[in-house]
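Participant: Pasting the sequence and the predicted model now:
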Amino acid sequence: MSEEIIIILRPDITYVAGIVNGETVEFVKAEENTWTARVTPAEDNVYDVHIVAYNRSGLSTEITTTLYYDTKLIFNRTQRDLLLKNDRSYYNATDLNRVESQTHYIETLLQMYSYFKSQLNCKQDWSMNDFPTQTQMRRYLNNIQQLMNAYYLKTSTPHLPPDMDDLTIEEANAIERILYDMQILIENMVSQFNYSGELFSGEV
């Protein structure tokens, strides 16, 4: 079992290697400025990263940062969960509150960095006695779609389900994977702010 670490660097980077929590790793380019590596999962979800990044001219720079990965989101439900009929096989108030809370968190981050100016209506007090209406579920998904429209996504990020009718395990996973990917990308963007203007600053 491994965890995917994601870092965001300038588009002219061609090679990245380093150490994550004491483990030597080599990063693979996933998109124009996004690099990933598989590492041993940390129990506290905290990853100390020290990398050396090389650009097309062979110039290198060292970057040290700490990544905090929140794994409270659930996007690894399986058919086995359905067979076992465990908590992960049902979509209920707990799931709704978790997703609504994470949606609000991403909204706050994007507003903080001027990517999003709208005000979403997030209901974070669902109870087991509530019966979600179609209007509420349209709002639920539309909130996430608005955030997706406002920021970047990984090419591997799944599509948002068109509705909540007959929700499948794959669709339930997709909803939370989208929010997880967005959080990681935003937090990695923020972690690089300290290096803005310093990366290869000696280049001409």
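Facilitator: Yep, it's here.
Participant: element containing E171, please.
Facilitator: Assigned by DSSP states H and E, E171 falls within helix 169-191.
Participant: Pull out the buried residues from that helix.
Facilitator: Judged by neighbour count (16 or more other Cβ atoms under 10 Å), helix 169-191 contains these buried residues: 169, 171-189, 191. Any C-beta I mention is one placed from the backbone N, CA and C, and that applies to glycine too.
Participant: Isn't I5 up against N21?
Facilitator: No - taking contact to mean Cβ atoms under 8 Å, the distance of 9.4 Å between I5 and N21 leaves them out of contact.
Participant: Show me the common contact partners of the two, please.
Facilitator: Contact criterion Cβ atoms under 8 Å, 6 or more residues apart in numbering; residues shared by I5 and N21: 39, 47.
Participant: Helices along the chain, start to end?
Facilitator: 79-84, 93-112, 134-150, 169-191 (DSSP state H).
Participant: More neighbours: I5 and N21, which one.
Facilitator: Set side by side, I5 and N21 show unequal neighbour counts under other Cβ atoms under 10 Å, the larger going to I5 at 22 against 17.
Participant: That one bridge partners, please.
Facilitator: I5 forms beta bridges with A37, as assigned by DSSP bridges.
Participant: Of the helices of the chain, which is nearest L59?
Facilitator: Ranking the helices of the chain by distance to L59, with Cβ to Cβ as the measure, places helix 169-191 first at 21.4 Å.
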